[in-house]
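In: For reference, the sequence and a predicted model appear below.
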Amino acid sequence: MSESGLERRSLLDDLTAGLVELIENGSYQIGDRLPSVSALATQFGVATPTLREAARRLEATGTIQFRHGSGIYVSGDSRRLVIANPARSEIGDVATLDVLDTRLLIEPELAGRAARRGEDTQIAEIESVLGAAARAITDGWEPTITQLNMRFHVAIARAAGNKVLAETLQSTVELYEPQQRVIGDLYADPKHDHDEHSDIYDAIVQHDPARAADLMRTHLEGVIAVVSRKLRESPDPNQ
């Protein structure tokens, strides 16, 4: 790489870090609008195209979002350590099973830790998501049910007290979000899924790590069994 190329890369790195610092020190919350690109360029003393390129880096991480005709908005946690690859291609059946297997390896432990370490506010968040899912089931809001189900799993991970593991699960969920919708359709029994979630929540509230872990393991093994069976019945012709 040329010296000028290295200098530009260093400038973009510094600008990206500066934007993150601006978001954090400026007490911007998710959904807040940032100053315009031109205003930010003036603030940082760089050309508008250079500032825009640095901002696009943050957009790729999910930290900010450009909204056409509206501006730049904070859309994620700027301090997040683990993210899904924004340039990924669609994942196939094998990867779907690999992701589920990954979840099986880490989520029972996370559920157990949530039962052992979860703070009252974190457990309340799990309960809130569970309640919202129950209402969505009653109202028949299928897409919302799937989203809330995954929020339930992420909320448990956050209550486990390990930021990296929680973000790893969140990125994993984001990675196979389209496949999760398919899995929800295959289950075709959101009430059964919700009942299992309720049992896991009860074990966490009762601070029973072993039971919480066992219930999460059984739950995910059931998901894997359903998905595996469906893939055998309708194999991917490209594999």
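Out: Nice, thanks for sending it over.

In: Check the protein and tell me which residue is nearest its centre.
Out: residue 170 (3.1 Å; CA atoms, centre = their mean).

In: So it versus residue 20, what's the distance?
Out: 19 Å (CB to CB, to the nearest Å). Bear in mind the C-beta positions are built from the backbone N, C-alpha and C, glycine included.

In: Over to residue 205?
Out: For residue 205, the distance to residue 20 (CB to CB) stands at 36 Å.

In: Check the spacing between the residue nearest to the centre of the chain and residue 157 real quick.
Out: 7 Å.

In: got it, and residue 220?
Out: Going from residue 220 to residue 157 by CB to CB gives 13 Å.

In: Spell out which residues are contacts of both of these two.
Out: With contacts taken as CB atoms under 8 Å, 6 or more residues apart in numbering, residue 220 and residue 157 have residue 107 as neighbours in common.

In: Give me the more crowded residue out of the two.
Out: A direct count of neighbours by other CB atoms under 10 Å for residue 220 and residue 157 places residue 157 higher, at 27 against 21.

In: I'd say the more buried one and residue 171 touch.
Out: No. With contact defined as CB atoms under 8 Å, residue 157 does not reach residue 171; the gap is 10.8 Å.

In: Would you map out the domains in the protein?
Out: Domains of the chain are assigned by automatic domain parsing as 3-74, 93-233.

In: how distant is the shortest one from the center of its chain?
Out: Put plainly, it is domain 3-74. In terms of CA atoms, centre = their mean, to the nearest Å, the centre of domain 3-74 is set 22 Å apart from its chain centre.

In: Check the longest one too.
Out: Here the centre of mass of C-alpha atoms in domain 93-233, compared against the chain's by CA atoms, centre = their mean, lies 12 Å away.

In: Just checking, which helix or strand succeeds the lowest-mean-pLDDT helix or strand in the chain along the chain?
Out: Lowest on mean pLDDT, DSSP states H and E among the helices and strands of the chain sits helix 177-187, with a mean of 66. From helix 177-187 onward toward the C-terminus, using DSSP states H and E, the following helix or strand is helix 190-205.

In: buried sites along that next one?
Out: For helix 190-205, a neighbour-count test (16 or more other CB atoms under 10 Å) marks 190, 193, 194, 196, 197, 198, 199, 200, 201, 203, 204 as buried.

In: Pull the number of nearby residues for residue 174.
Out: Close neighbours of residue 174, defined as other CB under 10 Å, add up to 17.

In: Ok, residue 228 next?
Out: Residue 228: 14 neighbours (other CB under 10 Å).

In: What does the pLDDT read for it?
Out: Looking at residue 228, its pLDDT is 85.

In: so where's this protein uncertain?
Out: Judged against pLDDT under 70, the low-scoring parts of the chain cover residues 1-9, 76-95, 175-176, 178-188, 235-239.

In: how about the strands of it, start to end?
Out: Taking DSSP state E to define them, one finds strands in the chain at 64-67, 71-74.

In: So which bits of the last one are buried?
Out: Of the residues in strand 71-74, those buried by neighbour count under the rule 16+ other CB under 10 Å are 72, 74.

In: for the first one, same thing?
Out: In terms of neighbour count (16+ other CB under 10 Å), strand 64-67 has its buried residues at 64, 65.

In: now stretch 17-35
Out: 18, 19, 20, 22, 23, 28, 34.

In: Pull the contacting residues for the first one.
Out: Taking CB under 8 Å, 6+ apart as the criterion, residue 18 is in contact with residue 44.

In: Could you check how far it is from residue 44?
Out: Applying CB to CB to residue 18 and residue 44 gives a distance of 6 Å.

In: The fourth one now?
Out: Spatial separation of residue 22 from residue 44 under the definition CB to CB is 9 Å.
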